[in-house]
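Chemist: Just a sequence and a predicted model for now, questions to come.
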Amino acid sequence: MSLIFRLFSDSDQSLHLTANEVLYHAGQPAPQVYFVLKGRIAIRVNGQVVESVPAGSIVGEVAMLDNGLHGADAVAETDSVVEPVSIERFKFMVEETPYFAMDVMKAMAERMHQRLTGC
């Protein structure tokens, strides 16, 4: 079990989404990231799915890290559970739990690899 799952396994802040429920829309502010704990989240641009994000990954990180707006919609493909993490909490977790940062970077690298190679 990855550190991400262990850190949030007992959280009372997790959001439970039903299939097709919107997590966020393009153009909305991004004060937090979301760790996908269960299910899959579709990233949609102009209604087209550009990525399907599995459990163990993170969504909304780019907009949060550059203080911007979401560039896509995030919609639950299946019943899903996500953990919202504010920028302040994210920074604290990186400072206090170095392996957390490594797990986040690993999840982001795996998504980038899948985007580039289709595998």
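Modeler: Perfect, thanks for sending it. Numbering: from 1, shown residues only.
Chemist: helix/strand/coil for residue 106?
Modeler: What DSSP: H, G, I helix; E, B strand; the rest coil gives for residue 106 is helix.
Chemist: Ranking helices and strands of the chain by mean pLDDT, which lands last?
Modeler: Scoring the helices and strands of the chain by mean pLDDT, DSSP states H and E places helix 3-8 at the bottom, with a mean of 68.
Chemist: just checking, next helix/strand downstream of it?
Modeler: Next along the chain after helix 3-8, taking DSSP states H and E as the criterion, comes strand 15-17.
Chemist: buried ones in that following strand?
Modeler: For strand 15-17, the neighbour count (16 or more other CB atoms under 10 Å) marks residue 17 as buried. From N, CA and C alone the C-beta is placed, and that goes for glycine too.
Chemist: What mean pLDDT does it get?
Modeler: For strand 15-17, the mean pLDDT works out to 95.
Chemist: Excluding covalently adjacent residues, which one is nearest to residue 115?
Modeler: Spatially, and ignoring its direct neighbours in sequence, residue 115 is nearest to residue 51 (6.6 Å; CB to CB, 6 or more residues apart in numbering).
Chemist: do residue 57 as well
Modeler: residue 107 (4.8 Å).
Chemist: From residue 29, how far off is that neighbour?
Modeler: 23 Å (CB to CB, to the nearest Å).
Chemist: Of these two, give the one with the bigger neighbour count.
Modeler: A direct count of neighbours by other CB atoms under 10 Å for residue 107 and residue 29 places residue 107 higher, at 21 against 12.
Chemist: wait, doesn't the more buried one sit right on residue 55?
Modeler: No: using CB atoms under 8 Å, residue 107 is not in contact with residue 55, being 10.2 Å away.
Chemist: Find me the pLDDT at residue 2, would you?
Modeler: Looking at residue 2, its pLDDT stands at 66.
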